[in-house]
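Peer 1: this one's structure only:
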Ligand SMILES: Cc1cc2nc3c(=O)[nH]c(=O)nc-3n(C[C@H](O)[C@H](O)[C@H](O)COP(=O)(O)OP(=O)(O)OC[C@H]3O[C@@H](n4cnc5c(N)ncnc54)[C@H](O)[C@@H]3O)c2cc1C
């Protein structure tokens, strides 16, 4: 399927132009709402392929994008060169060092499976099929976040090809500026070809979900506020999701077509203590379903049961200094039945280890935030703009408590204004200076958006 393009002679993986067979599959993404039409797509097999692709693009001034799974495609695009890393999916666990080394296209489900036999777990998020690298560069807010912090806090080393086509090994000692920036700053520095990140000794956890009827939305949110304000241990990470489930056979019968408010819990302490900790939530009222219990870490993706099929979506997020019950309830109600767009609202307690930066610091912003509030709507072009306007209206009443944004939960086309809000002004300024220094021609600017 390789084209006759001259770059194909320097690259082992496929090099495809729009007219070539396989082009559509190579440019497809989990995010189905933002079409990418690069002039060339390179299905890299290794770091040498990535380097050849970057050099080719740099010599011709072609903008470069990088994609692993396409969960976080930053924009619809036309032209340029896309590096698809999905074939670079090597995963190697070092049980003694409690680390994993992954290639650029590895997915969390692979790491979960490889780490489990050693009693270890990664700091993955809710979607096991999302990419390790994109998630971690964007901070990485995971199932065990309050106990261990952001995934970015646990990165030991990165391999990066910068805009000059040079490979760089990035660690706290070797390239300290890039090491600081890539962990949370994500885009605009180059193409990451490999990553080494810490694992944690978590073979099992107590957790699951309590699902309530949407009529209890305000009561669930009140209970969640009181519960999370009442000194929960850092070993407990939780969130609330409100959704109007579609009426489809793939869902458990009691949830189909119903407005549901679900509390999701992951607790690494013992099950008896976990039971005791969740008890106050049960006082809210009857549960439609309740699935809580001890599980091996390998089963933890069942807690969120994220969708696995590609679809179009756009979404935004606010980091909050406090949970104002009236404003958050209003936000969740507006995103519920009768909303302009099919939407999912998610509220998550932060704090714990998330508030404590690693010793050497990194670019992850707003560690003082106490809650994250997100909305994600199913919307393809041309409705995306209307969905964004809808999100803007939902957010308005929460502005007094807004301290920033969480990069990984900003979905849909990159919006420079929102992107900046993911960082304190000083952090953003430093990131922009480093982007300018390492990529003066803006080869990778396609993903970082401009600071203007
Ligand atoms: C269903 C769902 C659930 C999610 N749950 C969570 C969650 O619990 N916690 C959380 O923190 N996030 C979560 N996310 C967000 C997700 O982590 C980000 O969208 C992340 O960027 C996805 O990375 P990817 O490689 O899978 O996606 P891609 O779209 O392939 O990559 C996303 C971006 O990452 C950058 N990138 C990827 N690979 C490279 C590379 N090799 N070099 C340089 N840059 C690169 C690029 O900017 C790219 O545009 C979720 C997303 C979805 C859709």
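Peer 2: That came through, no problem. None of the values given here were measured: they were computed from a predicted structure. Residues are numbered from 1 along each chain as shown.

Peer 1: which bits of the stretch 201-350 of the chain sit near the ligand?
Peer 2: Neighbours of the ligand within the stretch 201-350 of the chain, by Cβ under 6 Å from any ligand atom: residue 306. Yep, even glycine has a C-beta here, placed from its N, CA and C like the rest.

Peer 1: which SSE is the residue in the stretch 201-350 of the chain that the ligand sits nearest to in?
Peer 2: Residue of the stretch 201-350 of the chain nearest the ligand, by Cβ to the nearest ligand atom: residue 306 (4.3 Å). Per DSSP states H and E, residue 306 falls between elements, in no helix or strand.

Peer 1: how deep is the nearest residue to it once chain neighbours are set aside tucked in, by neighbour count?
Peer 2: Closest residue to residue 306 apart from its sequence neighbours, by Cβ to Cβ, 6 or more residues apart in numbering: residue 127 at 4.3 Å. Number of residues near residue 127 (other Cβ atoms under 10 Å) recorded here: 20.

Peer 1: quick one: contacts for residue 127?
Peer 2: 71, 108, 301, 304, 306 (Cβ atoms under 8 Å, 6 or more residues apart in numbering).

Peer 1: So it versus residue 276, what's the distance?
Peer 2: For residue 127, the distance to residue 276 (Cβ to Cβ, to the nearest Å) stands at 30 Å.

Peer 1: quick revisit: assess the claim that the residue of the stretch 201-350 of the chain closest to the ligand and residue 126 are in contact.
Peer 2: Yes: at 5.1 Å, residue 306 counts as touching residue 126 under the criterion of Cβ atoms under 8 Å.

Peer 1: Neighbour count for those two, which is higher?
Peer 2: Taking residue 306 and residue 126 together and counting by other Cβ under 10 Å, residue 126 has the greater number of neighbours (19 against 13).

Peer 1: Which helix or strand contains the more buried one?
Peer 2: Going by DSSP H and E, residue 126 is not part of any helix or strand.

Peer 1: quick one, what contacts it?
Peer 2: With Cβ under 8 Å, 6+ apart, residue 126 has these contacts: 142, 143, 301, 303, 304, 306.

Peer 1: change it to 10 Å
Peer 2: Counting by Cβ atoms under 10 Å, 6 or more residues apart in numbering, residue 126 makes contact with 108, 141-143, 239, 241, 264, 300-301, 303-306, 346.

Peer 1: And those, which of them are buried?
Peer 2: Among the contacts of residue 126, the ones that count as buried by 16 or more other Cβ atoms under 10 Å are 108, 141, 142, 143, 239, 241, 264, 300, 301, 303, 304, 346.

Peer 1: re the thing from before, wait, which of the contacts of residue 127 is closest to residue 373?
Peer 2: residue 304 (16.7 Å; Cβ to Cβ).

Peer 1: Pull the contacting residues for that closest one.
Peer 2: Contacts of residue 304 (Cβ under 10 Å, 6+ apart): 125, 126, 127, 128, 143, 209, 239, 241, 262, 264, 266, 346.
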